[in-house]
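Q: got a predicted model here, sequence first, then my questions.
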Amino acid sequence: MFKIRFSAKAERFLIKCEKKIKERFRKLFLVLEFTPLPVRLFDLRKVAGEEDSYRIRVSKYRVLYHIYWEEKLIRVIKIERRKGRTYKKL
């Protein structure tokens, strides 16, 4: 079982977002605890140029995260609407 940690930016987003969207993210994070790469359940892609960094699409939002396999830790870096700059400066 993996632990999930959030960056300050990701936490702020979750506090501000709508209740309906929060519920979708909650389901995603429950799945990530047991399966860090849920390819069959979500639109998952590896982030180009990064090692062990992935993004999951949840409707019009993107969740960017990094997996630390040895520590069994998932670090959620960003959660934001898809824009041209979404994948810049991880």
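A: Good, I have the coordinates. Fair warning: this is a prediction, and the values are worked out from it, not measured in the lab.

Q: who are the contact partners of Leu44?
A: Taking C-beta atoms under 8 Å, 6 or more residues apart in numbering, we find Leu44 in contact with Leu37, Pro38, Tyr54, Arg55, Ile56. From N, CA and C alone the C-beta is placed, and that goes for glycine too.

Q: element containing it?
A: strand 43-46 (DSSP states H and E).

Q: paired strands for that strand, with orientation please.
A: strand 53-58 (antiparallel) (DSSP bridges).

Q: got the contact list for the partner strand?
A: So strand 53-58 is contacted by 21, 24-25, 28, 37-38, 42-47, 62-67, 77, 82, 87, 90 (C-beta under 8 Å, 6+ apart).

Q: same thing with stretch 19-34?
A: Outside stretch 19-34, the residues touching it (C-beta under 8 Å, 6+ apart) are 1-4, 14, 17, 38, 41-42, 56, 58-59, 61, 63, 65, 74, 76, 79.

Q: buried set for that stretch?
A: Ile21, Phe25, Leu28, Phe29, Leu32 (16 or more other C-beta atoms under 10 Å).

Q: tell me which helix or strand the fourth one sits in.
A: Looking back up the chat, that one is Phe29. Element membership of Phe29 [criterion: DSSP H and E] is helix 19-34.

Q: quick check: bridge partners of the residue nearest the centre of the chain?
A: Centroid-nearest residue in the chain: Val63, 3.2 Å away (criterion: C-alpha atoms, centre = their mean). Val63 has the following beta-bridge partners by DSSP bridges: Ile56, Ile79.

Q: pretty sure it contacts Arg81?
A: No - look at Val63 against Arg81 with C-beta atoms under 8 Å: they stay out of range, at 11.4 Å.

Q: okay, now the unreliable bits of this structure?
A: 83-90 (pLDDT under 70).
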